[in-house]
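Show me how the following folds:
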Amino acid sequence: MGSSPASSEIHAVVRRYADAWAANDLKAIFDCYHDEVVFHYFGRSPLAGTHRGKAACFAVLKEVKEKTNRRLIAIRDVLAGEHFGLIVAIEQFAHEGQAFELERLLRYAVKDGKLSECWVYDEDQRRVDEVLSPVAQKSSSGSPT
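Okay, here's the model as predicted:
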């Protein structure tokens, strides 16, 4: 079965982004995103929610980098269908002196030949939330407040 024009375009855009990410080419990464890009982060951390526009999306990426010292280990796969593209990536996060690897699924919508929307699905959402959240305050009983 051949690919459709829509899935071919989506695959080309997502592949271009994956190649830029793997090469750590920040200018190319920035250029892959639509000006009106929207990011969706799941979980319960302060970064969870919807972020709209390049400035907001790059601000959240910067904050994730600062909190996790995240680093791409590998692009496992780049997939595309009629409506979405997907990157399966392995990243390393570091927290409190401990590094761990995490599989992440990044689902993309494409508009005007650029990434217009991204949904981030983490293999271990609870651990990601712990890393991205401020340290829980303890009450005198020792319970989180």
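
Just to check, residue 16 is in contact with residue 32?
Yes - applying CB atoms under 8 Å as the test, residue 16 and residue 32 come out as touching, 6.1 Å apart. (Glycine included, C-beta is placed from N, CA and C.)

Which of those two has more residues huddled nearby?
Remark: of residue 16 and residue 32, residue 32 carries more neighbours, 22 against 18, as counted by other CB atoms under 10 Å.

need the contact list for that one.
Counting by CB atoms under 8 Å, 6 or more residues apart in numbering, residue 32 touches 13, 16-17, 20, 114-115.

ok, which stretches of this structure are helices?
5-22, 26-32, 54-68, 125-132 (DSSP state H).

got the CA coordinates for the last one in PDB?
Once side chains and other backbone atoms are set aside, the C-alpha atoms of helix 125-132 remain, and they are given as PDB (Å, rounded to 0.1, in the frame of the first residue of the first chain):
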ATOM      1  CA  GLN A 125       4.600  10.400  33.700                       C
ATOM      2  CA  ARG A 126       4.800  10.200  37.500                       C
ATOM      3  CA  ARG A 127       8.600  10.400  37.500                       C
ATOM      4  CA  VAL A 128       8.500  13.300  35.000                       C
ATOM      5  CA  ASP A 129       6.000  15.100  37.300                       C
ATOM      6  CA  GLU A 130       8.300  14.600  40.300                       C
ATOM      7  CA  VAL A 131      11.300  16.000  38.300                       C
ATOM      8  CA  LEU A 132       9.400  19.000  37.000                       C
END
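
Show residues contacting stretch 100-117.
Residues contacting stretch 100-117 (CB under 8 Å, 6+ apart): 9-10, 13-14, 17, 32-34, 36-40, 73, 76, 83-94, 118-124, 127-128.

same question, stretch 51-65
In contact with stretch 51-65 (CB under 8 Å, 6+ apart) are residues 30, 33-41, 47, 70, 118, 132.

Tell me the buried residues in it?
Using 16 or more other CB atoms under 10 Å as the test for burial, stretch 51-65 gives 51, 57-58, 60-61, 64.

before we move on, the earlier item: now the helices of the chain in a markdown table, please, with extra columns for mean pLDDT and distance to residue 108.
Shown next, in a markdown table, are the helices of the chain (pLDDT from 0 to 100; distance: least, CB to CB, whole Å):
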| stretch | mean pLDDT | distance to residue 108 |
| --- | --- | --- |
| helix 5-22 | 96 | 6 |
| helix 26-32 | 97 | 10 |
| helix 54-68 | 95 | 12 |
| helix 125-132 | 94 | 19 |
